[in-house]
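# This is a predicted model, with the sequence first.
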Amino acid sequence: MKVAVVKETAAGERRVALVPEMIGRLRDAGLDVLVESGAGDGAWLSDGSYADAGAVIVSRDELLSTADLVLMVGRPDEQVLGSLRQGQAILGMLNPLADPELAAALAAKGVTAISLDGLPRTLPKAQAMDVLTSQANVAGYKAALVGAAAFGRFFPMLITAAGTARPAKVLILGTGVAGLQAIGTARRLGAVVSAYDVRPQTKTEVESLGATFIELTSVGPAAGEGGYARALTDEERLAQQAELTAHIARHDVIITTAQVPGRKPPLLITDGTVKAMAPGSVVVDMAAGPLGGNVAGAVPDETVVTENGVTLIGAGNLAATVPGAASAAFARNVSSLLLHMVADGALAIDPSDDIQAGVVITHGGKVIHPTAAALLPDGQAHSAGGTTQ
Ligand code: NAD
């Protein structure tokens, strides 16, 4: 089977799905690896480094015409989508629950689509394959650096002949994977860190990183399914926003990471709360995206300075801004998943396997992932004439 790595074309995307270090593992499993020329440029990985590791460097046209499985970080661009044909497979972060039409289009072409974001993350054997965790980890690290860079004072306490600078007070809202890494990074930079999450079970992890866990009296625990939070009721949300205001106003830098799977991100910092913040404060909203974010007024991929001098950073795709580390981790995750799915040098699709049940979205001309299929109008999940093996 020919496994091929395309060059990402999305704006700002510098990651690559496979790094040279992983090629030996895949070749040992009987796979041939093709790499589009320039695919690793954004992560400082030359064509030569891939060739030395045993990959064949090809043009995009050659790759698309000969690949059995196309690897990518995000969703396929229009050119890749247009050239895919029956019997080919793709693997990337396809986000089928937010983009069910893509799943329908791939099924209609008879393409087997494997989406990394469908992985059942709580299975211990899935941990090595978990790109959501590996990329959130990179993004949380970068969020702390972005916050520190935009802040006009020091993070650590500094005692110098020119006087003593007090340490910055940093608040992390949402202490999942990204939030915990943001805490660790801000602590390593010397800030005094507090954190809050609606899942009180994160308190121990927060404290083990040397931060203070804030408990709100107005909102009870809100753990949902699969280790995630549930969405709050309107009443809970308003109480949470009100009680958070006083905590937010006494911090210098706030990093928000709160997400609820399948929902728009919860609004944690209202316009009124931003107005209560001191001039020079910084807010990094890691949840800012097309559906909204955690912070009123934060715009995805933009930095806005409010009338009262608060810098609001809509963080965007932060993992892509640390492309070396993010690509290395992504490639390890992808290789582990591939090795789990390959038998005798070919993809062995088996929806009864617990990992494959989460990641295989389309196969044999159908959207076979039940949650993705349920999002499509009747008939579209089974629209293809194609039959793949
Ligand atoms: P996420 O990106 O979906 O959410 C980030 C955080 O936001 C979560 O901690 C969530 O509780 C919090 N949040 C949601 N709504 C909130 C609100 N209104 N106010 C404050 N906080 C709010 O989550 P994630 O980081 O991808 O993963 C979350 C958790 O899932 C992990 O911490 C872990 O417990 C679990 N998980 C487990 C495994 C595993 O078992 N191997 C793997 C991955 C994740």
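That came in fine, so what should we check first?

# Give me the below-cutoff pLDDT ranges for the stretch 251-389 of the chain.
Residue ranges of the stretch 251-389 of the chain with pLDDT under 70: 379, 382-389.

# got the buried residues for stretch 90-104?
For stretch 90-104, burial by neighbour count (16 or more other Cβ atoms under 10 Å) applies to 90-97, 100, 102-104. C-beta: built from backbone N, CA, C; applies to glycine.

# I meant stretch 66-73, not that one.
67-73.

# Same check on stretch 165-184?
167-184.

# Apart from its chain neighbours, what residue comes closest to Thr257?
Gly174 (3.7 Å; Cβ to Cβ, 6 or more residues apart in numbering).

# My guess is that neighbour contacts Val260. True?
No: here Gly174 lies out of contact with Val260, judged by Cβ atoms under 8 Å, at a distance of 10.0 Å.

# In strands, which of the buried residues of stretch 66-73 appear?
Within the buried residues of stretch 66-73, residues falling in strands by DSSP state E are 69-71.

# What about the ligand: which of the residues you listed touch it?
Near the ligand, judged by Cβ under 6 Å from any ligand atom, there are no entries from those.

# residue with max distance from the center of the chain?
Using Cα atoms, centre = their mean, the residue of the chain lying farthest from its centre is Ala161. It sits 43.7 Å away.

# so what's it up against?
Contact analysis of Ala161 by Cβ atoms under 8 Å, 6 or more residues apart in numbering lists nothing.

# re earlier: which two among the buried residues of stretch 66-73 are spaced furthest apart?
Asp68 and Val73 (19.0 Å; Cβ to Cβ).

# follow-up on the earlier one: any chance of the ones in strands among the buried residues of stretch 66-73 in JSON lines, with pLDDT and distance to Leu31 too?
JSON lines is the format used below for these (pLDDT from 0 to 100; distance: Cβ to Cβ, whole Å):
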{"residue": "Leu69", "pLDDT": "98", "distance to Leu31": "8"}
{"residue": "Val70", "pLDDT": "98", "distance to Leu31": "13"}
{"residue": "Leu71", "pLDDT": "98", "distance to Leu31": "11"}
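
# Now do the helices in the stretch 251-389 of the chain.
271-276, 323-341, 354-359, 370-374 (DSSP state H, counting those that start in this stretch).

# Which secondary structure elements does the shortest one sit against?
To tie it back to what came earlier, the one meant is helix 370-374. helix 100-109 (3 or more Cβ pairs under 8 Å, 6 or more residues apart in numbering; DSSP states H and E).

# Starting from the following helix or strand past the helix it packs on, tell me which strands it pairs with and how they run.
The helix or strand immediately downstream of helix 100-109 is strand 112-115, counting by DSSP states H and E. Next to strand 112-115 in the sheet, as set by DSSP bridges, lie strand 89-92 (parallel), strand 360-363 (antiparallel).

# Any idea which of those strands gets closest to the ligand?
Closest approach to the ligand among the strands paired with strand 112-115 is made by strand 89-92 (18.1 Å; Cβ to the nearest ligand atom).

# State the mean pLDDT of that closest one.
Computed over strand 89-92, the mean pLDDT rounds to 98.

# Off-centre distance for that strand?
Centroid separation for strand 89-92 versus its chain: 17 Å, with Cα atoms, centre = their mean, to the nearest Å.

# before we move on, what about stretch 279-298?
The answer for stretch 279-298 is 17 Å, by Cα atoms, centre = their mean.

# That one: end-to-end distance?
16 Å (Cα to Cα, to the nearest Å).

# just stretch 23-33 next, same as before
Start-to-end, stretch 23-33 (Cα to Cα) is 7 Å.

# sorry, back to before: of the buried residues of stretch 165-184, which belong to helices?
177-184 (DSSP state H).

# out of these, who's near the ligand?
Answer for those near the ligand (Cβ under 6 Å from any ligand atom): 177-179.

# Spell out which parts of the chain neighbour the ligand.
So the chain meets the ligand at 121-122, 127, 130, 132-133, 136, 173-179, 197-199, 202, 227-229, 232, 257-261, 266, 268 (Cβ under 6 Å from any ligand atom).

# switch to 5 Å and redo it
121-122, 133, 174, 176-177, 197-199, 227, 229, 258-259, 266 (Cβ under 5 Å from any ligand atom).
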